[in-house]
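Colleague: Quick one, structure for this:
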Amino acid sequence: MTNPVCTSCGQPLVPGSRFCGRCGAPISLQVTSPQRFAQTPGWNTPFRGTQYIIDQKILAIRDTFGIKDTSGNLLAYVKQQLVSFGPKFWYEGTDGTRLGEIHGKVLAIRPTFEIYNAQGQLQAVIKKKILQLIGSQWWMENTSGEEIAKVHGNMLEHDYKVQGPDGSQIAQIHKKWVSVRDSYCVEIQNTSFDPYLVLSYAISMDHAEKKEDHHSGLSPF
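Modeller: Prediction:
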């Protein structure tokens, strides 16, 4: 039997306690097993809303993304490490605080990205199906190896949906709110799914798909 955890912050609960020792949430609101989605929405990150704009390559010296709200307020940067064994990105708050990391796995048999929180704890793993005849198929697993999300649509055109294993809607990625070529929107529709994981999902796939498309000689960039 798994130990109960806090639904507000993910902290393991002490048996007999009336409140979470980390965030103070009442025990009556807790569950008896870890959350399916690996990380509590918005915990220790600026991503507590449901609508985001990702601006790509706002600095020329490396792949850098700016994550904004729909009012144009900068929430965080995502920067790629210049020298690393495999692609590595980190989230950086506007005050310079490191918020989390994305690690691409070079030696994996398929394109794979690991998502870590600010404490260096693995939150989710993103994988791509190999030998796909038409299009690309990506999915996300939690730390237990259970599929928690998959995508359907056109990744290169930033027009796709993130769905649960049962087909339920988690998020939509589109360009409805922006006119800049290298920008796109992330709209969260299932608020129990951490926006940090959805943003990491989108950035990981965008990096991998554009790199693959560029190497194929089909990319206009």
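Colleague: how's the protein carved up into domains?
Modeller: Split into domains by automatic domain parsing, the chain comes to 1-34, 51-216.
Colleague: Of those, which shows the lowest average pLDDT?
Modeller: The weakest mean pLDDT among the domains of the chain belongs to domain 1-34, with a mean of 57.
Colleague: which one is residue 145 nearest to, not counting chain neighbours?
Modeller: Leaving aside its sequence neighbours, residue 145 sits nearest to residue 125 (Cβ to Cβ, 6 or more residues apart in numbering; 8.0 Å). C-beta: built from backbone N, CA, C; applies to glycine.
Colleague: Run through the helices of this structure in chain order.
Modeller: 195-216 (DSSP state H).
Colleague: buried sites along stretch 82-97?
Modeller: Using 16 or more other Cβ atoms under 10 Å as the test for burial, stretch 82-97 gives 87-92.
Colleague: swap in stretch 167-180?
Modeller: Using 16+ other Cβ under 10 Å as the test for burial, stretch 167-180 gives 170-174, 178.
Colleague: Which of these fall in strands?
Modeller: 170-174 (DSSP state E).
Colleague: Next, format those as a markdown table and append distance to residue 199.
Modeller: As requested, these are exported to a markdown table (distance: Cβ to Cβ, whole Å):
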| residue | distance to residue 199 |
| --- | --- |
| 170 | 12 |
| 171 | 9 |
| 172 | 13 |
| 173 | 10 |
| 174 | 14 |
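Colleague: I'd like to know which of the residues you listed is nearest to residue 193.
Modeller: Proximity of these to residue 193 was ranked by Cβ to Cβ; the top entry is residue 170 with 5.0 Å.
Colleague: For the closest one, which residues are in contact?
Modeller: Residue 170 makes contact with 149, 161-164, 188-190, 193, 198, according to Cβ atoms under 8 Å, 6 or more residues apart in numbering.
Colleague: which one of the domains of the chain lies closest to residue 45?
Modeller: domain 51-216 (5.1 Å).
Colleague: quick one: residue 46 from residue 93, how far?
Modeller: Counting by Cβ to Cβ, to the nearest Å, the separation of residue 46 from residue 93 is 6 Å.
Colleague: And residue 101, by the same measure?
Modeller: For residue 101, the distance to residue 93 - Cβ to Cβ - is 13 Å.
Colleague: all strands for this structure, in order.
Modeller: 51-56, 64-68, 74-80, 88-93, 98-104, 112-117, 122-128, 138-141, 147-154, 159-163, 169-174, 183-188.
Colleague: So for residue 87, what's the nearest residue that isn't a sequence neighbour?
Modeller: For residue 87, ignoring the flanking residues on the chain, the nearest one in space by Cβ to Cβ, 6+ apart is residue 104 at 3.6 Å.
Colleague: Now for that neighbour: which residues touch it?
Modeller: 86-88, 111-113, 204, 207-208.
Colleague: And for residue 165?
Modeller: For residue 165, the contacting residues are 147-150, by Cβ under 8 Å, 6+ apart.
Colleague: Got the phi and psi for it?
Modeller: Main-chain dihedrals, residue 165, degrees, to the nearest 10: phi -60, psi -30.
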